[in-house]
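>>> coords please:
(one chain, ligands or ions: 1)
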Amino acid sequence: MDADPVRLRAVIDDLKLVDQHVHRVLPGPITVAQFELLLTESDQPAPAGTSQFDSQLGFAVRRWCGPVLRLSPAASAAEYLRHRDSAAPAAALLAAAGCSHLLIDTGFAAPGSMPLDEMATLSGAVVREVVRLEAVAEDLAAAGCTASAFAAAFPEELWRRCTEAVATKSIVAYRHGLDFDPARPGGAEVTAAAGRWLREVEARGDVRLTDPVLLRHVLWTAAERGLPIQMHTGFGDPDLDLRRADPLLAREFLASCGVPVVLLHCYPYHRQAGYLAQAYPNVYVDLGLTLNYTGARAPVVLAETLELAPFSKVLYSSDAYGLPELVYLGARLWRNAMTEVLGAWVAARQWSEADAVRVVAMIGAGNAARLYGLAAPAAAR
Ligand SMILES: [Zn+2]
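Below is the predicted model of the structure:
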């Protein structure tokens, strides 16, 4: 079969995506300092005399988001920022992303982010919720739950919060590391740990959950609930110890938890994640965050992930947070990378074009629809 890159590109550009892990974004104008902080995983401003725009992510925002806001792709960072606030960026960028569904992690959002119904209206997508486990436990502590009640109250509250949700989300990588004890903790152990934690909460006035026993309790309770668990792995902000975010460290939990686990982000452990997705039928892999941050190098990371990961186990997400730019950019860079990588394999006659088209539909939408039980979108874009 002759390769037709134009046809493959058209199929990829027209596909409605399931963005299977994304956060709420800011609706209106934002300051330059805010924008800069949302262009990095660092929690600190760029050093004096430098800009976060001088990065793969910053270059990609100007190159790909500029034209959606009717700016030249060659516009400088200052021109981009001057122009964006008068260009209704959220409406333009969310619509241009071309998503059928947004699965939104509601446990973490930039202050002032738009509500879920506005995300749905502006994107034209169906919005479904992903429930962050540690936030549910922290809400219980803030509401005055006692140590003796915690072990039983957490499942009850999680069941209530998950009524409409499609998945849960774990940040055990942030709060402990993926080298946690894979065994399920017993009831007495959980009650003793809850006692220690709640005394600390009272003393410090801060509910942040870092106790390893309780982190395992919430994770195993989520496994019992049965929804797919989205698990942070790989890079993130400096709250994380990247050395302990390699998904291989969670291998025994992944092998024994009995529910689908989606490894999020993964970089620079995306090859390890691809291996795990091949080794374990319940493990899935996702490059949200990573494609945005690697920008022009995204095709390389995508190709490396597709070395071992079965194509039926790879999912699309943007992991956008705060900036509507990141919802659009995730989709754009995924479409560009899929076109480049799969197009090259078709051109080299390693893959048929028909297979490439089928894999695009699987990774962009079909795998997520099957995993989360999503209804098919009403109409193609
Ligand atoms: Zn996220």
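
>>> so L198 sits against S148, correct?
No. When contacts are counted by C-beta atoms under 8 Å, L198 is not listed as touching S148 (10.1 Å). Heads up, the C-betas are built off the backbone N, CA and C, glycines and all.

>>> these two: who's more crowded?
Neighbours were counted for L198 and for S148 using other C-beta atoms under 10 Å; L198 has more, 18 against 11.

>>> mean confidence score for the helix or strand containing the more buried one?
L198 is part of helix 187-204 when elements are defined by DSSP states H and E. Helix 187-204 carries an average pLDDT of 95.

>>> got the buried residues for that helix?
By neighbour count on 16 or more other C-beta atoms under 10 Å, the buried set for helix 187-204 is V190, T191, A193, A194, W197, L198, E200, V201.

>>> neighbours of the residue nearest to the fifth one when sequence neighbours are not counted, how many?
Nearest-residue entry for W197: D211, 5.0 Å, with adjacent residues in sequence omitted and distances by C-beta to C-beta, 6 or more residues apart in numbering. A count of nearby residues for D211, using other C-beta under 10 Å, gives 17.

>>> D211 reaches R196, doesn't it?
Yes. Judged on C-beta under 8 Å, D211 makes contact with R196 at a distance of 6.7 Å.

>>> just list whatever residues bridge to the nearest residue to D105 once chain neighbours are set aside.
Using C-beta to C-beta, 6+ apart and skipping the chain neighbours, the partner closest in space to D105 is V130 (4.6 Å). The residues listed as beta-bridge partners of V130 by DSSP bridges are D105, A167.

>>> got a list of what V130 touches?
Contacts of V130 were listed using C-beta atoms under 8 Å, 6 or more residues apart in numbering, and they are H21, L103, I104, D105, T106, A165, V166, A167, T168, K169, Q230.

>>> can you tell me which residues contact the third one?
Residues near I104 by C-beta under 8 Å, 6+ apart: V22, H23, R24, L116, M119, V127, R128, E129, V130.

>>> so the second one makes contact with M114?
No. Counting by C-beta under 8 Å, H23 sits too far from M114 to count as a contact (10.8 Å).

>>> look at these two and report which has more neighbours.
Neighbours were counted for H23 and for M114 using other C-beta under 10 Å; H23 has more, 22 against 19.

>>> which one is the more buried one nearest to, not counting chain neighbours?
The shortest distance from H23 to any non-neighbouring residue, by C-beta to C-beta, 6+ apart, is to Y321 (4.3 Å).

>>> so which residues of the protein form strands?
17-22, 99-105, 126-132, 167-170, 229-233, 261-265, 283-286, 314-315 (DSSP state E).

>>> distance between the third one and the chain's centre?
Going back to what we said before, that points to strand 126-132. For strand 126-132, the gap between its own C-alpha mean and the chain's C-alpha mean amounts to 12 Å (C-alpha atoms, centre = their mean, to the nearest Å).

>>> that one vs strand 229-233, what angle?
70 degrees (axes from the mean of the first three to the mean of the last three C-alpha atoms, to 10 degrees).

>>> now strand 126-132: average pLDDT?
This predicted structure assigns strand 126-132 an average pLDDT of 98.

>>> cool, and stretch 167-181?
97.

>>> buried stuff in it?
So stretch 167-181, judged by 16+ other C-beta under 10 Å, has buried residues 167-180.

>>> what's the first-to-last distance across it?
End-to-end distance for stretch 167-181: 23 Å, by C-alpha to C-alpha, to the nearest Å.

>>> quick check, distance from that stretch to the centre of its chain.
In terms of C-alpha atoms, centre = their mean, the centre of stretch 167-181 is set 14 Å apart from its chain centre.

>>> just stretch 283-301 next, same as before
Per C-alpha atoms, centre = their mean, the centroid offset for stretch 283-301 relative to its chain is 11 Å.

>>> format the CA atom coordinates belonging to it as CSV.
In CSV, the C-alpha atoms belonging to stretch 283-301 read as follows (Å, rounded to 0.1, in the frame of the first residue of the first chain):
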residue,chain,number,x,y,z
VAL,A,283,-1.7,-1.6,33.5
TYR,A,284,-2.1,1.3,31.0
VAL,A,285,0.3,4.1,30.1
ASP,A,286,-0.3,7.8,29.4
LEU,A,287,2.0,10.7,28.3
GLY,A,288,-0.1,13.6,29.6
LEU,A,289,2.1,16.5,30.8
THR,A,290,5.1,14.9,29.1
LEU,A,291,4.2,15.7,25.5
ASN,A,292,3.5,19.4,26.4
TYR,A,293,6.8,19.7,28.3
THR,A,294,8.9,18.0,25.7
GLY,A,295,7.4,20.1,22.8
ALA,A,296,9.4,19.6,19.6
ARG,A,297,10.9,16.3,21.1
ALA,A,298,7.4,14.8,21.9
PRO,A,299,7.6,12.5,18.9
VAL,A,300,10.7,10.9,20.3
VAL,A,301,9.1,10.2,23.7
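
>>> low pLDDT regions in the stretch 251-381 of the chain?
Counting by pLDDT under 70, the stretch 251-381 of the chain has low-confidence residues at 376-381.

>>> again, only using 90
Along the stretch 251-381 of the chain, the parts satisfying pLDDT under 90 run over 375-381.

>>> going along the chain, name the helices of it.
Taking DSSP state H, counting those that start in this stretch, the helices of the stretch 251-381 of the chain run over residues 251-256, 270-279, 290-294, 298-308, 324-347, 353-361, 367-372.
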